[in-house]
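Visitor: pasting the structure only:
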């Protein structure tokens, strides 16, 4: 009897371990939410709820895949990741709402306002001045909304 | 007479100081070459020489403006700048030679191979899987050329 | 005399037949208007009139070439064509007014709202989440304007 | 003792049920592989193996997320999905290897060669003639590799 | 009887006149071929023939619409049109074969090599240095093929 | 003593000459402002001032590099340069504020309204109808603001 119990206990532990250790299951949702909470400053649920009327699965994919699987990976710190995202969205120049979100996200992840501006200015070299100028407009809006002043930028 | 000489000497010094202190002149060329030498691993002259047949001014702009004025700015370290450039060029997906140069440049600036891969993989989220897959192909070529192995990537 | 008349009549018929049978003339305008009337739900003239002040030829090209020559071709049904257009404009991410027009056009061509959403969501894979999210915003606006509700989406 | 066994058995069943019922775990991997096998004509493992040296996680994301979560969804048939992908990649014009894969994938999913050509030709309207011409070059290569001839195109 | 003949003759003339005077029929094909012959340096048929295996209609659209309706319009000279096309294709950065064709086309239309280089260099400002550098590579290839030397560039 | 003075004077003159003759210093700023004043119709300072709160260096780069080094170059007239910029920004389709600025700039540089429209319409061929239609919307706004009427367009 004890053998049977031990067998069952081992089985349970095995299943649980497999599940938790497997990439893409419970952990990645929790990791995704945790990472999103840093980036959004805690607004994650509120933002994902805007998708529930029309495409709730996209919210799941954003949490589990985009932030749980990808952005939460340990190989690069979140500050560098957010700067890379700001760089890419500035260069693409066709996703203003997401660029604003990630300028805010970069601030929430601990980037200094000047670091964000440096990345956006640098895009003038790699994607042209129009892309950089429109990125700066997005940054100005986000900074104004947060009360970040010219004085803060020189720090 | 000595007064006149002193006046002239002061004038000379003033002019020289103004020139050197002014943004966009001698300093930015030197700064640009220094930054480019880090990114190219010392190949700067060789690379810019490829432009002299057809558009030598572009080489001057790259040195003085792109790397002297922009990429050398103190507000962000060169590692973060190169990662931002790799992110942007992976997302744009239309500049393979420059993407390869900057993957190499990121390595030369001190980025770990895994950090570069993380940025390129992250672009699957923001610019789609094709952009990310083509970025990985570029990285594989650069890593192979440098003898970076799978073993190095797990470090 | 009757011979001459018959000859002339044959000539006339020949010319008319040539004209009507030739690709790119009368037929393609009629075909273009017919296809556009399906896509716009009958608003074609109204929409093309917005171009008459500044570039009336563009309206002719849209009718005769874009919809008469291309989109009216028999090799693919209009529903698949509109879904392909929604896919392309979502992926490009830089033509919001046209994306909205073609989300409406896809509905008018007989696509179900869910089919349109599936295409837009799928673009997260091939063009990144920002492109997909902005496509969903466009769809939400069009659906709201038409009174398409969450209940309709589950059908 | 029997109570304890029943409790353990219930627990095991509960965990297993939770795991299998949860979106994003075992099912989506199997679904992804099944969908990929249709698109690649059975080459899935071979193709994903090309990523194992440098970024094995990308292969997991492609299987589980891109094809398991997204492309396998029931709301739109695979033929329409592949045509939408061909449209998007032709319009973007910066992902030739993936465009070729999906032209082949569209054939494998049951699209007729002419349907694929119609989508690529239609992109001349929405993304310009250069994008369409380069899409046709990609199609020619794929068709030639498969022995699809001009005669097949008129069917 | 003569009256009837005259009536028929008038009718024939009327139909013919309508057809020839109408935009989008015989004239635009002839205009398109004439403009294409300038741009291609006489190779038009050869180049369009490359499309006949797979999408012959695209060749018709290019001749009748793209060059007959659009590029042949009198409001702007062909030199300015070709420079505008070189600018656009350099900036988009995803259509190298067409960029090369139009660099050659600009030369054939009477642009000086330096004018073409100036446009490509200028794109560094509006689309970034990578786009400009890749445009210069395309120009170098075309110039080399035509035996245009550095000496010719200073003229 | 006089020798020493002459030597010093020569040195001063040498330094000043070197500075002024060197590309990238005082001249390019003056040239940039002069070119910008033509393009903006005299508003240069006003426009650059919008950047002083957040990224004043970008204003310096625009003046000294973009317009002083690049757009002021003698190898191509300003009218052709502005038409090339309108072409590129219409084709990219992701920089509406800058497209409007350069439609105005093209007018200020001496382009006729019809020439600008021809370039934008031509982009339907190279970048698709959506890009061209959105370019026409931008032109309509600029023309309306300047009181350019349909009557002016037929001139």
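Guide: That came through fine. Quick caveat: nothing in here was measured; it's all calculated off a predicted structure.

Visitor: Please count neighbours and contacts with C-alpha atoms only from this point.
Guide: Noted.

Visitor: Can you report how many residues neighbour the residue of chain A found nearest chain B?
Guide: Residue of chain A nearest chain B, by CA to the nearest CA: residue A:88 (4.2 Å). Neighbour count for residue A:88, taken as other CA atoms under 10 Å in any protein chain shown: 28.

Visitor: Now name the helix or strand holding the closest residue to residue A:123 other than its chain neighbours.
Guide: Leaving aside its chain neighbours, residue A:123 sits nearest to residue A:132 (5.5 Å; criterion: CA to CA, 6 or more residues apart in numbering or on different chains). Residue A:132 is part of helix A:129-146 when elements are defined by DSSP states H and E.

Visitor: Check which helix or strand the residue of chain A closest to chain B maps to.
Guide: Residue A:88 belongs to helix A:78-92, assigned by DSSP H and E.

Visitor: Show me what the mean pLDDT comes to for the helix or strand just after that helix.
Guide: Going down the chain from helix A:78-92, the next helix or strand is helix A:96-108, by DSSP H and E. The average pLDDT for helix A:96-108 rounds to 98.

Visitor: Phi and psi next, for the residue nearest to residue A:154 when sequence neighbours are not counted.
Guide: Ranked by CA to CA, 6+ apart and with sequence neighbours excluded, the top spatial neighbour of residue A:154 is residue A:114, at 7.4 Å. Per-residue torsions, residue A:114: phi -60, psi -40 (degrees, to the nearest 10).

Visitor: Give me the neighbour count for residue A:114.
Guide: Residues near residue A:114, counting by other CA under 10 Å, number 17.

Visitor: Could you tell me the per-residue confidence at it?
Guide: pLDDT, residue A:114: 97.

Visitor: how close does the nearest residue to residue A:96 once chain neighbours are set aside sit to residue F:48?
Guide: Closest residue to residue A:96 apart from its sequence neighbours, by CA to CA, 6+ apart: residue A:138 at 7.1 Å. Applying CA to CA, to the nearest Å, the value for residue A:138 to residue F:48 is 17 Å.

Visitor: same deal with residue A:61?
Guide: If you measure residue A:61 against residue F:48 using CA to CA, the figure is 42 Å.

Visitor: Between these two, point out the one with more neighbours.
Guide: For residue A:61 versus residue F:48, neighbours defined as other CA under 10 Å are more numerous around residue A:61 (22 against 16).

Visitor: what about that one, which helix or strand?
Guide: Residue A:61 belongs to helix A:56-61, assigned by DSSP H and E.

Visitor: Residue A:97: neighbouring residues, count only.
Guide: Neighbours of residue A:97 under the rule other CA under 10 Å: 13.

Visitor: and it, how far is that from chain F?
Guide: Residue A:97 sits 14 Å away from chain F, going by CA to the nearest CA, to the nearest Å.

Visitor: Skipping adjacent residues, who's closest to residue A:119 in space?
Guide: Residue A:119 sits nearest to residue A:87 (CA to CA, 6+ apart), 6.0 Å away.

Visitor: And for that neighbour, the neighbour number?
Guide: Neighbours of residue A:87 (other CA under 10 Å): 35.

Visitor: can you check residue A:148 too?
Guide: Residue A:148 has 14 nearby residues by other CA under 10 Å.

Visitor: same question, residue A:137
Guide: 16.

Visitor: now the one 10 residues further on
Guide: Using other CA under 10 Å, residue A:147 has 10 other residues around it.

Visitor: Near chain B, which residues of chain A are found?
Guide: Within chain A, the positions near chain B by CA under 8 Å from any CA of the partner chain are A:66, A:70-71, A:75-76, A:80-81, A:83-85, A:87-89, A:91-92, A:114-115, A:118-119, A:121-123, A:125-126.

Visitor: returning to what we had before: the residue nearest to residue A:119 and residue C:59, how far apart?
Guide: Here residue A:87 is placed at a distance of 38 Å from residue C:59 (CA to CA).

Visitor: okay but the residue nearest to residue A:154 is in contact with residue A:153, surely?
Guide: Yes. Counting by CA atoms under 8 Å, residue A:153 is a contact partner of residue A:114 at 5.5 Å.

Visitor: still on that earlier bit, quick one, what contacts the residue nearest to residue A:119?
Guide: A:119-120, A:123, B:84-85, B:87-88 (CA atoms under 8 Å, 6 or more residues apart in numbering or on different chains).

Visitor: Now the buried members of those residues.
Guide: Among the contacts of residue A:87, the ones that count as buried by 16 or more other CA atoms under 10 Å in any protein chain shown are A:119-120, A:123, B:84-85, B:87-88.

Visitor: Out of those residues, which two are the most distant from each other?
Guide: The two members of the buried ones among the contacts of residue A:87 with the most space between them (CA to CA) are A:120 and B:87, at 12.4 Å.

Visitor: How is chain A partitioned into domains?
Guide: A:2-71, A:78-154 (automatic domain parsing).

Visitor: burial measure for the residue nearest to residue A:123, as a count.
Guide: 27.

Visitor: and it, what is it in contact with?
Guide: Residue A:132 neighbours (CA under 8 Å, 6+ apart): A:90-91, A:120-124.
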